[in-house]
Every structure is written in C-alpha cells, then in structure tokens.
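*Asks:* 3D, please:
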Amino acid sequence: MTALAQLPFEQASLLESAPRLRALQAQGPVHKIRTATGDQAWLVTGYEQVRRMLADPRLGRSHPDPGSAARTGESVLFGGPLGSYQTEDADHAWMRSLLQPHFTSGRMRALRPRVDALTTGLLDELDRHDRPADLVEAVAVPLPVLVICELLGMPYQDRSRFRAGGRSGPRGTPRCRGCCHGGAECPARQGRCSQIRSSGRERRRTRLPRSGDPGGCARRIPAS
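*Replies:* Residues are numbered from 1 along each chain as shown. A predicted model of the protein is given here:
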C-alpha cells in the first residue's frame, strides 16, 4: 500500500511551489493525504475544482462532530473546525452584515499609511538582526496579524498574545483536538476565544470611534 503524502511538504524555495505538491498536481486534482497532525484529509490541487468547492454551500468551516474531525494543525483557534454546524450559514451572514461597512475601498485606502508604517517597522527590526534573516518569521507572519489588530483597535500590549494564541495550542492532549467530553467545544479554544471576545468588549467600552480613523472597526460594532 502506498503511503499517503504527509503535510507539510518540504519547500526548498519560498518563491516556488513544493515539488511534492507539483507532483500531486500532475497526477490529478484530488488526493488523500495526512495533515500535519497525522489525520487523514483530502487535498484538492486543481484550480477549477477549488473554485467549485469554495462556491459550494455544502462545504464550510464547521463540523457536525468536532471530536472526529480532521485537524490541519495544533493551533487552538485555527487548527480545526470553527463555529456551530447548525448555525454556520446564519452566523456567516450576520457577521458579514456587521463587518462589510468597515471594509469598503475607501476605508482600506485610508488604512494604507498604517500598513506601510507597520511594514517599515518590521523591516527596520529585521535589519537590526544578524544575517541571514528569516523574512517569513520576521515580516510575512506578523504583518497580517498586526493589520488585523489595527482593524480591531487592539492595544499594542495585547498584540503578542493575540498572535501567539492563533498560531499555537497545547500539544499531545485531547484538548488540542478541538473537543472533549463527547464532542463539546475544546476548553483551550473556548478560553482563548473568550479572551479575545473580552478584549474586544473592553475596547468598545473604553474607546469611542474617532473621526477619520480607518482602523478599530470593533469600536464601531455594537456589543453582542
């Protein structure tokens, strides 16, 4: 029996696709693989197939049985299923209705100077380190998190905790599987999500929207 391909694939260059991925693409658009946590999953490599899947309402981020769902990684927040299987569609529509006004082209253009400043700060910090430097770890990974924090209006002292919570979680225990006690929500994930929600509520209580402020959309969304 041929062993299943195991994620993550080795990638010699960050500017080129992993050779193993290219080989799978040449063989066909869909492959059974193992994720980084050892779970079996399906990898779709065909462009048209991916487009159809992303537009298919039968697919989503939740799972009817989180305890048996495959995980892509150890991240407490993003390594497994997200949300409620019963209400995912309604929750998604509700969230879009709240957030869409804060992501207009005008607001995104107004945010550009802050993104430029954040990028410059990361590059300056990278320049102060010894060579060779890891551009991914120093810039590519933290920059999206910093921009998200800017959009949420999260204070600087909380940003390192936000980044750490999204990237890692407890390893080697049932709680990092996304569930426990008969498929209930993972306590580790519940705790981390609770911290983020509490931080957002606190920001809404203590800060008011500023005229012309392109970030801090959490300050403009009613508490719920």
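
*Asks:* Phi, psi for Val30 please.
*Replies:* For Val30, the backbone dihedrals (degrees, to the nearest 10) come out as phi -130, psi 130.

*Asks:* what do you get for Thr35?
*Replies:* The phi/psi pair for Thr35 (degrees, to the nearest 10) is phi -80, psi 180.

*Asks:* hang on, isn't it packed against Ala70?
*Replies:* Yes. Thr35 is within contact range of Ala70, at 6.0 Å (criterion: C-beta atoms under 8 Å). For the C-beta atoms, the positions are set from N, CA and C on the backbone; glycine is no exception.

*Asks:* Who are the packing partners of the top helix by length along the chain?
*Replies:* Ranked by residue count, the top helix of the chain under DSSP state H comes out as helix 105-127. Contact partners of helix 105-127 among helices and strands, from 3 or more C-beta pairs under 8 Å, 6 or more residues apart in numbering; DSSP states H and E: helix 142-152.

*Asks:* repeat that for 10 Å
*Replies:* Packed against helix 105-127 by the contact rule (3 or more C-beta pairs under 10 Å, 6 or more residues apart in numbering; DSSP states H and E) you find helix 135, helix 142-152.

*Asks:* mind listing the helices for this protein?
*Replies:* Ranges of helices in the chain, per DSSP H, are 19-27, 47-54, 88-99, 105-127, 135, 142-152, 156-167, 187-206.

*Asks:* For the protein, name the helix or strand with the lowest mean pLDDT.
*Replies:* strand 179-180 (a mean of 41; mean pLDDT, DSSP states H and E).

*Asks:* that older thread, joint contacts of Thr35 and Ala70?
*Replies:* 41, 80 (C-beta atoms under 10 Å, 6 or more residues apart in numbering).

*Asks:* Give me the contact list for whatever helix or strand comes next after the longest helix of the chain.
*Replies:* With elements assigned by DSSP states H and E, the helix or strand that comes after helix 105-127 is helix 135. Residues from elsewhere that reach helix 135 (C-beta under 10 Å, 6+ apart): 14, 122-123, 126, 141.

*Asks:* just those: which has the poorest pLDDT?
*Replies:* Least confident by pLDDT among those: that is Leu14, with 75.

*Asks:* Tell me how many other residues crowd it.
*Replies:* Residues within reach of Leu14, counting by other C-beta atoms under 10 Å, total 8.

*Asks:* quick revisit: out of the helices and strands packed on helix 105-127, deepest packed?
*Replies:* Per residue and on average, the most neighbours among the helices and strands packed on helix 105-127 fall to helix 142-152, with a mean of 18 (mean count of other C-beta atoms under 10 Å).

*Asks:* That helix versus helix 88-99: what angle between them?
*Replies:* 70 degrees (axes from the mean of the first three to the mean of the last three C-alpha atoms, to 10 degrees).

*Asks:* Just the CA coordinates for helix 142-152, please, in CSV.
*Replies:* Presented in CSV, the C-alpha positions along helix 142-152 are these (Å, rounded to 0.1, in the frame of the first residue of the first chain):
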residue,chain,number,x,y,z
PRO,A,142,3.5,39.0,12.0
LEU,A,143,2.3,41.6,9.4
PRO,A,144,-1.2,40.2,8.7
VAL,A,145,-1.7,39.8,12.5
LEU,A,146,-0.7,43.4,13.1
VAL,A,147,-3.0,44.6,10.4
ILE,A,148,-5.9,42.6,11.9
CYS,A,149,-5.1,44.1,15.3
GLU,A,150,-5.1,47.5,13.7
LEU,A,151,-8.6,46.8,12.3
LEU,A,152,-9.8,45.6,15.6
